[in-house]
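Following is a predicted model, sequence given first.
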Amino acid sequence: MSLEDVKQAARKAGFARRKEAFDTQAPGAAGKLSELLAGYRGVPLSGYMPIRTEIDPLPAMAEAAAHGPVGVPVIEAAGKPLKFARWEPDCDLTDGPFGAKIPANPEFFEPELVIVPLVAFSAAGGRLGYGGGFYDRTLELLRAKRPTLAVGFAFAAQEAQDLPLEPTDQPLDLIVTEAGLIEPSR
(Lines give C-alpha, C1' and ligand atoms only; values in the text may rest on other atoms or scores of the structure.)
Protein backbone atom coordinates (compact mmCIF):
# COMPACT_ATOMS: atom_id res chain seq x y z
CA MET A 1 0.00 0.00 0.00
CA SER A 2 1.41 3.40 -1.01
CA LEU A 3 1.77 6.33 1.38
CA GLU A 4 -1.10 8.09 -0.42
CA ASP A 5 -3.31 5.01 0.10
CA VAL A 6 -2.44 4.99 3.81
CA LYS A 7 -3.22 8.73 4.04
CA GLN A 8 -6.57 8.27 2.28
CA ALA A 9 -7.52 5.48 4.70
CA ALA A 10 -6.47 7.65 7.67
CA ARG A 11 -8.51 10.56 6.28
CA LYS A 12 -11.57 8.36 5.81
CA ALA A 13 -11.34 7.16 9.43
CA GLY A 14 -10.71 10.73 10.66
CA PHE A 15 -13.70 12.11 8.78
CA ALA A 16 -15.92 9.38 10.27
CA ARG A 17 -14.76 10.16 13.83
CA ARG A 18 -15.17 13.89 13.22
CA LYS A 19 -18.72 13.49 11.84
CA GLU A 20 -19.80 11.43 14.85
CA ALA A 21 -18.32 14.02 17.24
CA PHE A 22 -19.94 16.85 15.31
CA ASP A 23 -23.34 15.15 15.38
CA THR A 24 -23.18 14.57 19.15
CA GLN A 25 -21.38 17.74 20.33
CA ALA A 26 -22.56 19.66 23.35
CA PRO A 27 -22.91 23.45 23.31
CA GLY A 28 -19.80 25.49 24.02
CA ALA A 29 -17.29 23.45 21.99
CA ALA A 30 -15.07 26.54 21.51
CA GLY A 31 -14.81 27.29 25.25
CA LYS A 32 -11.33 25.83 25.70
CA LEU A 33 -10.13 27.69 22.60
CA SER A 34 -11.45 30.95 24.10
CA GLU A 35 -9.52 30.21 27.30
CA LEU A 36 -6.30 29.67 25.35
CA LEU A 37 -6.73 32.79 23.20
CA ALA A 38 -7.32 34.93 26.29
CA GLY A 39 -3.62 34.43 27.03
CA TYR A 40 -2.70 35.84 23.58
CA ARG A 41 -4.79 39.03 23.58
CA GLY A 42 -3.66 41.44 20.90
CA VAL A 43 -1.50 38.87 19.08
CA PRO A 44 -2.42 38.82 15.36
CA LEU A 45 -4.15 35.50 14.80
CA SER A 46 -6.02 33.57 12.17
CA GLY A 47 -8.87 31.17 12.67
CA TYR A 48 -11.01 29.66 9.93
CA MET A 49 -14.56 29.63 8.67
CA PRO A 50 -15.81 26.12 9.48
CA ILE A 51 -17.04 23.88 6.68
CA ARG A 52 -18.95 20.62 6.82
CA THR A 53 -18.28 18.89 10.17
CA GLU A 54 -15.33 21.00 11.37
CA ILE A 55 -15.44 22.17 14.98
CA ASP A 56 -16.52 25.82 15.04
CA PRO A 57 -13.92 28.36 16.24
CA LEU A 58 -16.08 31.44 15.48
CA PRO A 59 -17.20 32.15 19.08
CA ALA A 60 -13.56 32.21 20.25
CA MET A 61 -12.50 34.26 17.22
CA ALA A 62 -15.23 36.82 17.92
CA GLU A 63 -13.96 37.27 21.50
CA ALA A 64 -10.36 37.62 20.26
CA ALA A 65 -11.37 40.20 17.63
CA ALA A 66 -12.22 42.64 20.42
CA HIS A 67 -8.52 42.72 21.39
CA GLY A 68 -6.54 42.51 18.15
CA PRO A 69 -6.53 41.49 14.50
CA VAL A 70 -8.20 38.20 13.60
CA GLY A 71 -8.15 36.75 10.11
CA VAL A 72 -9.29 33.82 8.04
CA PRO A 73 -7.38 31.95 5.34
CA VAL A 74 -7.78 32.76 1.68
CA ILE A 75 -6.72 30.22 -0.95
CA GLU A 76 -5.30 31.97 -4.00
CA ALA A 77 -4.28 28.94 -6.06
CA ALA A 78 -3.24 25.29 -5.76
CA GLY A 79 0.36 24.92 -4.62
CA LYS A 80 0.48 28.41 -3.10
CA PRO A 81 0.60 29.34 0.59
CA LEU A 82 -2.50 30.78 2.19
CA LYS A 83 -3.02 34.48 2.67
CA PHE A 84 -4.95 35.79 5.66
CA ALA A 85 -7.71 38.39 5.39
CA ARG A 86 -8.85 40.39 8.39
CA TRP A 87 -12.19 39.16 9.72
CA GLU A 88 -14.67 40.69 12.15
CA PRO A 89 -17.84 39.03 13.43
CA ASP A 90 -20.21 41.07 11.25
CA CYS A 91 -18.04 41.67 8.19
CA ASP A 92 -19.40 41.07 4.70
CA LEU A 93 -18.45 37.62 3.42
CA THR A 94 -18.37 35.99 0.01
CA ASP A 95 -17.87 32.41 -1.17
CA GLY A 96 -14.26 31.30 -1.34
CA PRO A 97 -12.74 28.09 -2.70
CA PHE A 98 -13.83 24.77 -1.14
CA GLY A 99 -17.00 26.27 0.34
CA ALA A 100 -15.37 28.42 3.03
CA LYS A 101 -16.49 32.02 3.31
CA ILE A 102 -13.93 34.82 3.03
CA PRO A 103 -14.16 38.57 3.67
CA ALA A 104 -15.70 40.39 0.70
CA ASN A 105 -13.13 43.23 0.95
CA PRO A 106 -9.94 41.50 2.07
CA GLU A 107 -7.32 43.36 4.07
CA PHE A 108 -4.34 40.99 4.30
CA PHE A 109 -1.92 40.57 7.21
CA GLU A 110 0.37 37.89 8.63
CA PRO A 111 -0.74 36.15 11.83
CA GLU A 112 1.59 35.04 14.61
CA LEU A 113 -0.89 32.44 15.88
CA VAL A 114 -2.72 30.18 13.42
CA ILE A 115 -5.73 28.10 14.46
CA VAL A 116 -5.57 25.11 12.15
CA PRO A 117 -8.50 22.90 11.13
CA LEU A 118 -7.77 19.23 10.61
CA VAL A 119 -9.09 15.76 9.88
CA ALA A 120 -6.98 13.95 12.50
CA PHE A 121 -4.20 14.72 14.97
CA SER A 122 -1.74 12.80 17.12
CA ALA A 123 -0.70 13.54 20.70
CA ALA A 124 2.79 14.16 19.30
CA GLY A 125 1.53 17.18 17.33
CA GLY A 126 1.05 15.51 13.97
CA ARG A 127 -1.75 16.77 11.77
CA LEU A 128 -3.60 15.19 8.89
CA GLY A 129 -5.39 17.74 6.74
CA TYR A 130 -7.31 17.54 3.50
CA GLY A 131 -4.25 16.81 1.37
CA GLY A 132 -3.65 20.13 -0.40
CA GLY A 133 -0.62 21.09 1.71
CA PHE A 134 -1.87 24.67 2.15
CA TYR A 135 -1.22 24.89 5.90
CA ASP A 136 2.13 23.09 5.66
CA ARG A 137 3.42 25.55 3.03
CA THR A 138 2.00 28.51 4.92
CA LEU A 139 3.36 27.54 8.34
CA GLU A 140 6.79 26.85 6.85
CA LEU A 141 6.79 30.32 5.25
CA LEU A 142 5.56 32.12 8.39
CA ARG A 143 7.94 30.22 10.69
CA ALA A 144 10.88 31.19 8.47
CA LYS A 145 10.07 34.85 9.21
CA ARG A 146 9.18 34.75 12.95
CA PRO A 147 7.97 32.42 15.66
CA THR A 148 4.47 31.31 14.66
CA LEU A 149 2.27 29.22 16.92
CA ALA A 150 0.21 26.53 15.16
CA VAL A 151 -2.82 25.54 17.25
CA GLY A 152 -4.82 22.57 16.00
CA PHE A 153 -8.53 22.83 16.83
CA ALA A 154 -10.51 19.61 16.73
CA PHE A 155 -12.89 17.34 18.53
CA ALA A 156 -11.13 15.03 21.00
CA ALA A 157 -12.47 12.09 18.96
CA GLN A 158 -10.24 13.13 16.05
CA GLU A 159 -7.11 11.95 17.84
CA ALA A 160 -5.33 9.08 16.10
CA GLN A 161 -2.54 6.95 17.52
CA ASP A 162 -0.43 6.86 14.37
CA LEU A 163 -0.63 9.25 11.43
CA PRO A 164 1.10 8.82 8.08
CA LEU A 165 3.29 11.92 8.09
CA GLU A 166 5.91 13.25 5.69
CA PRO A 167 8.98 15.44 6.32
CA THR A 168 7.14 18.46 4.85
CA ASP A 169 4.29 18.17 7.38
CA GLN A 170 4.44 21.09 9.82
CA PRO A 171 3.89 20.11 13.48
CA LEU A 172 1.23 21.57 15.73
CA ASP A 173 2.53 23.44 18.79
CA LEU A 174 -0.71 22.88 20.72
CA ILE A 175 -3.99 21.07 20.17
CA VAL A 176 -7.24 22.36 21.63
CA THR A 177 -10.33 20.17 21.80
CA GLU A 178 -13.72 20.68 23.40
CA ALA A 179 -12.31 18.68 26.33
CA GLY A 180 -9.06 20.55 26.91
CA LEU A 181 -5.54 21.45 25.86
CA ILE A 182 -2.97 18.94 24.61
CA GLU A 183 0.70 19.86 24.62
CA PRO A 184 2.43 17.61 22.06
CA SER A 185 4.74 14.94 23.43
CA ARG A 186 7.47 15.12 20.79
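Perfect, thanks for sending it.

tell me, what residue is most central in the protein?
The chain has Val116 as the residue nearest its centroid, 1.4 Å off, counting by C-alpha atoms, centre = their mean.

so that one bridges to which residues?
Under DSSP bridges, the beta-bridge partners of Val116 are Gly152.

Just to check, it is in contact with Gly125?
No: using C-beta atoms under 8 Å, Val116 makes no contact with Gly125, being 11.0 Å away. No exception for glycine: its C-beta is placed from N, CA and C like everyone else's.

Mind listing what's buried along the lengthiest helix in the chain?
Longest helix in the chain, counting residues (DSSP state H): helix 3-24. Buried positions in helix 3-24, judged by neighbour count with 16 or more other C-beta atoms under 10 Å: Lys7, Ala10, Arg11, Gly14, Phe15, Arg17, Arg18, Ala21, Phe22.

just those residues now: which is nearest Phe84?
Arg18 (23.8 Å; C-beta to C-beta).

For that closest one, list the residues it contacts.
Each residue near Arg18 by C-beta atoms under 8 Å, 6 or more residues apart in numbering is listed here: Thr53, Glu54, Val119, Ala120, Ala154, Phe155, Ala157, Gln158.

for Lys19, same thing?
By C-beta under 8 Å, 6+ apart, the contact set of Lys19 is Thr53.

May I ask which of the buried residues of helix 3-24 comes out lowest in pLDDT?
Across the set of the buried residues of helix 3-24, Lys7 stands lowest in pLDDT, at 91.

wait, doesn't it sit right on Gly129?
No: the criterion here is C-beta under 8 Å, and Lys7 misses it with Gly129 at 9.9 Å.

what's the pLDDT at Ala157?
The model's pLDDT for Ala157 equals 97.

wait, isn't it in contact with Glu20?
Yes: contact criterion C-beta under 8 Å: Ala157 and Glu20 qualify, at 6.5 Å.

that older thread, from the contacts of Arg18, pick the one nearest Cys91.
Glu54 (19.6 Å).

coming back round to it: out of the contacts of Arg18, the closest to Arg41 would be?
Ala154 (23.2 Å).

ok, the closest one - contacts?
Arg18, Ile55, Pro117, Leu118, Ala120, Phe121, Ile175, Val176, Thr177.

among the residues you listed, which are in helices?
Arg18.

Give me the buried subset of the contacts of Ala154.
Buried members of the contacts of Ala154, counted by 16+ other C-beta under 10 Å: Arg18, Ile55, Pro117, Leu118, Ala120, Phe121, Ile175, Val176, Thr177.

Turn these into CSV, including distance to Leu141.
Below are the buried ones among the contacts of Ala154 laid out as CSV (distance: C-beta to C-beta, whole Å):
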residue, distance to Leu141
Arg18, 27
Ile55, 25
Pro117, 18
Leu118, 19
Ala120, 24
Phe121, 21
Ile175, 22
Val176, 23
Thr177, 27
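
Going by distance to Lys32, which of those wins?
Lowest distance from Lys32 to the buried ones among the contacts of Ala154 (C-beta to C-beta) belongs to Val176, with 5.2 Å.
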